[in-house]
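In: Quick one, structure for this:
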Amino acid sequence: MTFNPHSSKYSKWKNHIHFWKYPSILLTGVAIANIGDWIFLIALNLTMLDMSGSPLAIAGLYILKPFATLCTNSWAGSVVDRLNKRRLMITFDLIRAVLIFTLPFLHHIGLIYAVVLVIYMASSIFRPTSMVYTTKLIPTEHRKRFNSIQSLIHSGAFLIGPAIAGLLFLITSPQMAIFVTAVAFGISSMMTWILPDLEKGTVAIDHPVNQEPITKMAKSNRSWQMIKHDWRLVIAFSRQAWNVMLIYFLFQILMVLAAGLDSMEVAFVKEVLAGTDSQYSYLVSVAGIGLGVGALVNMVIVKRLTVTILLAVGAIGFGAGYVIYSLSDSFTGAAIGFFVLAFFMAFMNTGFMTFYQNHVPIDMMGRISSIYSLVAAVMQMLSVFILGLTAQLWSISWSVIIGSCVMLGITLVLALAVRLYMPISPPEEAQ
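Out: Model prediction:
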């Protein structure tokens, strides 16, 4: 049998390899940045504990992230949708790299908080920027596959990041681990620089809502008037595409409840299950394994599943895992719950990301993501406060059980909304 370089099968593989060149570079940058994020999180917590000796100082770090979202997301989307996404990604990766590099040289907790706040603000702007660029780079027919691989990378970083951090702590110090994180973000910016500039020579314009004419925003209006204009535009789009935003908002509520329940995990394991620190670490590892297995299975079978199935079934399984965990009276039961919720989270995230990319206009994606994330940040802070207050006034066990049952109810509503109100899907999905 002779090899024919002009055969259709050969051409198909050649085109396949050519297409995945840039997505592979993007995924490599995502992997490096995610591993760096985990190393940074652990190293920063240990550094803060060593400096202050107070768990309250570490709690302050966790408050900074939603606070950073509140500081940026009212206006960040207006910037993201109008400026070059690739250049913004490179800029914010470099900003984070430089600021993280300076942290080991700071010896005042107030200064560290200030720098970390700016780092988190840069991350808040980077996320919607990356989402828009990814949506532009990846065609509709390849988004499920890309998102499933990205989910696998996130789960891998969840396992690899802490492992690398632990190894660095054995041979060096948390400060050196922070330097490694800075290098990781620097490498991530270099990977982004290799990617194509998809907006070279173009000017961002507003998306028409209710058949309004497309107009360019004058440079002089890039101010408070521009931000108010964008808020009105997002509200108008939300009314027009109410079915899309209903599904989007229900998913955000689900993530808010998950964040609230996650804040109770340590207390639940130690006080309700009478577990130890090492047992809690084991539960986190079980969740990481569940996420990794789910992401791997998802990547293998994703072509056979529609976005509706990925999102609806993934969400219900995610909520059911939390209920199993909350009703557990043993360490084994909690471990099963952790594995189930993490396993289905891989499917749910892939489904949601693909749904969002397929049904939200690219030229409004930054503004929609930023404004709704602002609302979600406020809801997250309220969720953590209410669950914590319930645990204080009643009991940790009932607080977690009630929160988990409410979450399961939201997942059922989300699955029903996906089934009834999912917009007409792209051709690839219809198949």
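In: would you put the C-alpha positions of stretch 258-268 in CSV?
Out: Output of stretch 258-268 as CSV, limited to C-alpha atoms (Å, rounded to 0.1, in the frame of the first residue of the first chain):
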residue,chain,number,x,y,z
ALA,A,258,-21.4,26.7,46.0
ALA,A,259,-19.0,29.4,47.2
GLY,A,260,-21.1,29.9,50.3
LEU,A,261,-21.1,26.1,51.1
ASP,A,262,-17.4,25.9,50.3
SER,A,263,-16.8,28.5,53.1
MET,A,264,-18.4,26.0,55.6
GLU,A,265,-16.4,23.0,54.5
VAL,A,266,-13.6,23.1,57.1
ALA,A,267,-16.0,23.7,59.9
PHE,A,268,-18.4,20.9,58.8
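In: quick thing: my sequence starts at 53, can you match it?
Out: I'll keep to 53 as the first residue from here, and by that count the last item is stretch 310-320.
In: Could you give me the buried positions within it?
Out: Across stretch 310-320, burial judged by 16 or more other CB atoms under 10 Å covers 310-313, 315-317, 320. All C-beta spots, glycine's among them, are computed from the backbone N, C-alpha and C.
In: Quote the end-to-end distance of stretch 373-386.
Out: 9 Å (CA to CA, to the nearest Å).
In: which regions of the protein lie under the pLDDT threshold?
Out: 53-71, 106-108, 111, 252-275, 329-330, 333, 475-483 (pLDDT under 70).
In: ok, back up a step: can you add distance to Ser182 and give the buried residues of stretch 310-320 back as CSV?
Out: As requested, these are exported to CSV (distance: CB to CB, whole Å):
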residue, distance to Ser182
Ala310, 21
Ala311, 21
Gly312, 26
Leu313, 27
Ser315, 26
Met316, 30
Glu317, 28
Phe320, 33
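In: In this structure Ala120 contacts Val167, no?
Out: No - the criterion here is CB atoms under 8 Å, and Ala120 misses it with Val167 at 11.8 Å.
In: So which of the two has more stuff around it?
Out: More crowded of Ala120 and Val167, by other CB atoms under 10 Å: Ala120, with 21 against 15.
In: Just the CA trace of the host helix or strand of the more buried one, in CSV.
Out: Following DSSP states H and E, one finds Ala120 within helix 107-124. Output of helix 107-124 as CSV, limited to C-alpha atoms (Å, rounded to 0.1, in the frame of the first residue of the first chain):
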residue,chain,number,x,y,z
PRO,A,107,-6.1,33.2,60.7
LEU,A,108,-8.1,36.4,60.4
ALA,A,109,-5.4,37.8,58.2
ILE,A,110,-5.8,34.9,55.8
ALA,A,111,-9.6,35.4,55.9
GLY,A,112,-9.0,39.0,54.7
LEU,A,113,-7.3,37.6,51.6
TYR,A,114,-10.5,35.8,50.7
ILE,A,115,-12.5,38.9,51.1
LEU,A,116,-10.2,40.8,48.6
LYS,A,117,-11.3,38.7,45.6
PRO,A,118,-15.0,39.6,45.6
PHE,A,119,-14.0,43.1,46.6
ALA,A,120,-11.7,43.4,43.6
THR,A,121,-14.7,42.3,41.4
LEU,A,122,-16.8,45.1,42.9
CYS,A,123,-14.0,47.6,42.2
THR,A,124,-13.6,46.6,38.5
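In: Beyond that helix, next helix or strand please.
Out: Next element after helix 107-124 (DSSP H and E): helix 128-132.
In: by contact count, what packs against that next one?
Out: helix 161-189, helix 276-292, helix 417-445 (3 or more CB pairs under 8 Å, 6 or more residues apart in numbering; DSSP states H and E).
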